[in-house]
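sequence first, then the predicted structure, then my questions.
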Amino acid sequence: MGILLFSSIGLLLFLSVPIITSRLANRMGRNPMKWFLIGLLLPVVATIILFFLPDKSEDNQ
């Protein structure tokens, strides 16, 4: 049971940054699925890059 709990927490932590990146991408008018996949490959780097890109959402204009 301990291994299952440990692996579940590890999976949750592994997926948390890409999920945050995809939600941020969606708010900024970008493709969230593409940014989720980028976030899987480069977790923190993708979020930082996305933060500095210009906002493409219609609400910003």
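Yep, it's here.

and residue 25, how far is that from residue 44?
Between residue 25 and residue 44 the distance is 15 Å, computed by Cβ to Cβ, to the nearest Å. Bear in mind the C-beta positions are built from the backbone N, C-alpha and C, glycine included.

the longest helix seen in the chain - what's its average pLDDT?
As far as residue count goes, and with DSSP state H defining each element, the longest helix of the chain is helix 2-27. Across helix 2-27, pLDDT averages out at 92.

and it, what other elements does it pack with?
The helices and strands touching helix 2-27, judged by 3 or more Cβ pairs under 8 Å, 6 or more residues apart in numbering; DSSP states H and E, are helix 32-41, helix 43-52.

returning to what we had before: which one of residue 25 and residue 44 is surrounded by more residues?
The neighbour count for residue 25 versus residue 44, taken as other Cβ atoms under 10 Å, is higher for residue 25 (23 against 10).

contact partners for that one?
By Cβ atoms under 8 Å, 6 or more residues apart in numbering, the contact set of residue 25 is 31, 32, 34, 35, 36, 50.

so residue 51 sits against residue 24, correct?
Yes - between residue 51 and residue 24 there is a contact under Cβ atoms under 8 Å: 7.4 Å.

quick one, which of the two is more surrounded?
Neighbour tally, residue 51 and residue 24, criterion other Cβ under 10 Å: the higher count belongs to residue 24, 17 against 10.

give me the neighbour count for the nearest residue to that one once chain neighbours are set aside.
Take residue 24 and drop its neighbours on the chain: the residue closest to it by Cβ to Cβ, 6 or more residues apart in numbering is residue 50, 5.8 Å away. Counted with other Cβ under 10 Å, the neighbours of residue 50 add up to 19.
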